[in-house]
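Novice: Just need the structure, nothing else, for what follows:
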Amino acid sequence: MTTVYHLDGADLRMTHYCAAKNQPRLKATHIDDGGVDFAFVDATNIDKSHPGHVEGMKLRFVSADQVTIDFTFGGDGKQRVEHIELKRLKS
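Specialist: The predicted structure is shown next:
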């Protein structure tokens, strides 16, 4: 999976290139020093037989060395969150 962050005019957007072979596009709904919340706008390549996709994402700046990401998946009648913690390794 890869997520690309980009500006669309004054809006911060993200496109998530998902292992589910779809590309949800989300828009930042809240930005502050602690992180960014993104909400679903639309998606490409949603398969009707496998409609699951990212519906939201929360990016949190825990410290200078740690970021957490919470992906909210849905679109298939269920909703679940995948929590990811990224920590910088000290050399």
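Novice: any idea which residue sits dead centre in the protein?
Specialist: M57 (3.7 Å; Cα atoms, centre = their mean).
Novice: For it, which residues are in contact?
Specialist: Going by Cβ atoms under 8 Å, 6 or more residues apart in numbering, M57 touches 3, 14, 16, 26, 37-38, 69-72. In this view, the C-beta of every residue, glycine as well, is placed from N, C-alpha and C.
Novice: Please name the bridge partners of it.
Specialist: F38, F71 (DSSP bridges).
Novice: follow-up on the earlier one: and the contacts of M57, which of them are buried?
Specialist: Among those, the ones that count as buried by 16 or more other Cβ atoms under 10 Å are 3, 14, 16, 26, 37-38, 71-72.
Novice: can you tell me which of those lies nearest to K48?
Specialist: K48 has its nearest neighbour among the buried ones among the contacts of M57 in H16, at 19.3 Å by Cβ to Cβ.
Novice: Kindly state the pLDDT recorded for that closest one?
Specialist: pLDDT, H16: 95.
Novice: helices and strands around the helix or strand hosting it, which ones?
Specialist: Assigned by DSSP states H and E, H16 falls within strand 11-17. Here strand 11-17 touches strand 2-8, strand 23-32, strand 35-44, strand 53-63, going by 3 or more Cβ pairs under 8 Å, 6 or more residues apart in numbering; DSSP states H and E.
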